[in-house]
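S.K.: next come a sequence and a model predicted from it.
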Amino acid sequence: MRYIRNVLERWNLFDYAKFEDAIVHVMEQSLKKYRDIHDDLYIVSLDCCGEMSSMGLIANTKAYLAEQTDMSTEDHWYYKYCEEEWCIFDTFEKISFEMYDYMQKMHVSDVDKFDNHRNNIIAACKKALCRLVVSPFYQEYATILLTFNIREYLEQEERIALFELFNGKTMAATEYAEHIEDFV
């Protein structure tokens, strides 16, 4: 009986601090890899699916943006800031497996438990991005904009606040806020 209780307790635990550390580590590896391949990388989004079962990065390059649109077109901001239109997508395999595995074990029939888990995942993602931004590693990549996305979950105001938190009060943050209705 004690063994079963221990197994159930482990299934109900998700190590959010370990999860946060893993995100920072994988983002550093991914940024290095992307920059080695694309010298015109301008934006990277930490992307989490709404079911909390996978995570990855979506990124875009200036060249790809120029292929899709230019400043004179009506849909420029859509292609510039909408993650679904970007050219690079990379799933964090190990992190996604752990998220998916936990969700399967949790049997998401308890809405409150799921909401609590989702809120903890979101908090860990925000902390990971904040840690990345202030890290010595990121200083070499500081020209790359960072954002966070959970499809169909974050409201416009929160997206704007997060974009500014990760990138500072810059011209890009102003532009992002002014045109958010064009891409969300």
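M.R.: Right, received. Where do you want to start? Given the structure is predicted, the values throughout are model-derived calculations rather than measurements.
S.K.: so in this structure, which helix runs the longest?
M.R.: Counting by DSSP state H, the longest helix found in the chain is helix 111-134.
S.K.: ok, G168 - how many residues close by?
M.R.: 11 (other C-beta atoms under 10 Å). Glycine gets a C-beta too; all of them are placed from N, C-alpha and C.
S.K.: quick check: it vs D90, distance?
M.R.: Separation of G168 from D90 (C-beta to C-beta, to the nearest Å): 25 Å.
S.K.: just confirm I43 is within a strand.
M.R.: Yes: assessed by DSSP: H, G, I helix; E, B strand; the rest coil, I43 belongs to a strand.
S.K.: pretty sure it sits against L145.
M.R.: Yes: using C-beta atoms under 8 Å, I43 is in contact with L145, at 4.3 Å.
S.K.: of those two, which one has the most company?
M.R.: More neighbours surround I43 than the other of I43 and L145, with 23 against 20 (other C-beta under 10 Å).
S.K.: gap between the more buried one and F114?
M.R.: From I43 to F114 the distance is 30 Å (C-beta to C-beta).
S.K.: same question for D36.
M.R.: 38 Å.
S.K.: the more surrounded of these two?
M.R.: Neighbour count, other C-beta under 10 Å: between D36 and F114, F114 has more, with 16 against 9.
S.K.: what pLDDT does the more buried one get?
M.R.: At F114, the predicted lDDT confidence score is 85.
S.K.: now swap in E175 and tell me
M.R.: For E175, pLDDT reads 95.
S.K.: same question for E20.
M.R.: Looking at E20, its pLDDT reads 96.
S.K.: wait, it sits on K127?
M.R.: Yes: between E20 and K127 there is a contact under C-beta under 8 Å: 5.3 Å.
S.K.: quick one: which of those two has more around it?
M.R.: E20 (21 against 17).
S.K.: could you export stretch 63-80 as CSV, CA atoms only?
M.R.: Taking Å, rounded to 0.1, in the frame of the first residue of the first chain, the C-alpha atoms of stretch 63-80 are listed here in CSV:
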residue,chain,number,x,y,z
ALA,A,63,15.2,37.1,-45.1
TYR,A,64,12.1,34.9,-44.6
LEU,A,65,10.1,37.9,-43.5
ALA,A,66,11.2,39.8,-46.6
GLU,A,67,10.0,36.8,-48.8
GLN,A,68,6.6,36.9,-47.2
THR,A,69,6.0,40.7,-47.1
ASP,A,70,7.5,44.1,-47.0
MET,A,71,6.7,47.3,-45.0
SER,A,72,4.2,48.6,-47.6
THR,A,73,1.9,45.6,-47.4
GLU,A,74,-1.1,45.5,-45.2
ASP,A,75,-0.2,42.1,-43.6
HIS,A,76,3.4,43.1,-42.7
TRP,A,77,2.9,43.0,-38.9
TYR,A,78,1.1,39.7,-39.2
TYR,A,79,4.1,38.0,-40.8
LYS,A,80,6.5,39.8,-38.6
